[in-house]
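S.K.: Below: sequence and its predicted model.
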Amino acid sequence: MMYYRRKQLLALLDTFDGLLTRTQLQKLAFILTRWQDVPIFDFVPYRFGCYSFQANQDLGALKQQGLLEETNIQGFHYWKKLDKTDFAAQLKSSDQLFMKQLKRQFGNHSQDDLIRYTYIHYPYYAINSTIAGQYLNAEQLEKVDAARNCYEGKQLFTIGYEGKSLERYLNLLLAQDVKLLCDVRKNSFSMKFGFSKNQLQYACEQVGIAFMHIPQLGIESDKRQSLKTQRDYDMLFDEYECNILPKNREHLLHLAGLFVNYNRIAITCFEAHSCMCHRGRVAKALEKLPDWDIPIRHI
């Protein structure tokens with residue numbers, strides 16, 4: 001069975017005669033999500049504006065299934081629909097109406113028109129754009145700058161990716177002006193799209209956040225297998241705090257020393273709540289270091 005979000009990508013292509021540039025497809029999908037009560041994709045401010053890593057991954061999967069192909073026409077990279085199925089007809093009635101509205105409102109818009117439209121109406125998503133100056137005037141660029149969160153003070157954050165899309169996770173970091181993400185998992189691998197080491201590092205770097213993996217501060221995955229209650233977690237983390245962290249104090253000190261170059265740092269692992277994740281004990285150990293005066297916040 002095909003994911004509904006992938007049907008919507010195919011329906012977008014149906015709506016626009018089966019052919020859109022990569023950028024047009026991303027921009028139209030973004031506009032679509034602004035209208036939906038439950039957006040099919042989340043987006044981040046990328047080098048060329050709003051971008052969904054998940055949508056791009058889905059398009060690649062559809063290509064592997066033979067439903068799409070990538071083609072180059074006059075120097076532009078296009079997605080071309082190969083399958084003849086009318087996916088627009090398979091959507092919910094509300095989404096069918098949105099597709100028709102997209103066609104009416106943006107059917108004659110070029111790629112440049114769509115870029116300019118999204119930059120003007122959603123300036124936050126242009127904060128990392130390398131081409132904003134080509135599309136916006138001085139007043140519009142000021143609105144983009146105003147949408148950027150900038151903080152001077154040092155702060156440590158902890159964050160888990162459980163229950164979050166990659167894009168939502170990155171937006172939470174950007175909202176706090178995080179400059180460095182430290183992955184404190186022992187094994188930086190995840191079945192969830194976007195959160196294995198290479199994927200996460202790439203995504204962070206694309207939105208201007210540095211990445212570092214410190215596996216020495218992690219917990220062996222086999223020790224997590226039988227955790228069911230908060231007491232189970234507390235017992236594991238008590239052992240971690242008493243035995244594992246002291247043996248890896250040099251790596252804890254290394255993490256603390258990173259504030260010399262990065263004012264705002266986040267440490268990350270899987271669990272949504274810090275009380276069910278060892279990153280909470282890492283933060284607690286940092287707080288006990290001599291002369292530590294950096295506030296800590298769990299997001």
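M.R.: Received the coordinates, thanks. Everything numeric here is computed off the predicted structure, so don't read it as measured data.
S.K.: Show the contacting residues for the closest residue in space to His77 that isn't next to it in sequence.
M.R.: Excluding its sequence neighbours, the residue lying closest to His77 (Cβ to Cβ, 6 or more residues apart in numbering) is Arg22, at 5.0 Å. For every residue, glycine as well, the C-beta is placed using N, CA and C. Arg22 is in contact with His77, Tyr78, Trp79, counting by Cβ atoms under 8 Å, 6 or more residues apart in numbering.
S.K.: Neighbours of the first one, how many?
M.R.: Read that as His77. When neighbours are counted by other Cβ atoms under 10 Å, His77 registers 11.
S.K.: from what I can see it touches Thr21, true?
M.R.: Yes. With contacts counted by Cβ atoms under 8 Å, His77 reaches Thr21, the gap being 6.4 Å.
S.K.: First-to-last residue distance for stretch 266-279?
M.R.: Distance between the boundary residues of stretch 266-279 (Cα to Cα, to the nearest Å) amounts to 10 Å.
S.K.: which residues sit against it?
M.R.: Contacts of stretch 266-279 (Cβ under 8 Å, 6+ apart): 156-164, 173, 176, 178, 180-185, 190, 195, 217-219, 230, 233, 236-237, 240, 255, 280, 282-283, 298-299.
S.K.: still on that earlier bit, and the contacts of Arg22 as CSV, adding distance to Tyr117 and pLDDT?
M.R.: Output for the contacts of Arg22, formatted as CSV (distance: Cβ to Cβ, whole Å; pLDDT from 0 to 100):
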residue, distance to Tyr117, pLDDT
His77, 20, 96
Tyr78, 20, 98
Trp79, 20, 98
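S.K.: got a markdown table for these, with distance to Gln65 too?
M.R.: Formatted as a markdown table, the contacts of Arg22 follow (distance: Cβ to Cβ, whole Å):
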| residue | distance to Gln65 |
| --- | --- |
| His77 | 19 |
| Tyr78 | 18 |
| Trp79 | 13 |
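S.K.: contacting residues around Tyr169?
M.R.: Contacts of Tyr169 (Cβ under 8 Å, 6+ apart): Ile159, Tyr161, Gly194.
S.K.: ok, Met212 - how many residues close by?
M.R.: Around Met212 there are 17 other residues, counting by other Cβ under 10 Å.
S.K.: looking at this, it is in a strand?
M.R.: Yes. Under DSSP: H, G, I helix; E, B strand; the rest coil, Met212 sits within a strand.
S.K.: How about the secondary structure of the residue nearest to it when sequence neighbours are not counted?
M.R.: Excluding the flanking residues, the one nearest Met212 by Cβ to Cβ, 6+ apart is Cys182, at 5.1 Å. Classification of Cys182 using three-state DSSP returns strand.
S.K.: State the distance from Cys182 to Arg231.
M.R.: The spacing between Cys182 and Arg231, counted by Cβ to Cβ, to the nearest Å, is 28 Å.
S.K.: For those two, indicate the residue with more neighbours.
M.R.: The residue with more neighbours, out of Cys182 and Arg231, is Cys182; 22 against 9, by other Cβ under 10 Å.
S.K.: all helices of the stretch 151-299 of the chain, in order?
M.R.: 166-175, 197-206, 230-239, 245-247, 249-257, 279-287 (DSSP state H, counting those that start in this stretch).
S.K.: contact partners of the third one?
M.R.: The contact list for helix 230-239, computed with Cβ under 8 Å, 6+ apart, reads Ile219, Lys223, Arg224, Ser226, Leu227, Cys275, Met276, His278, Gly280, Arg281.
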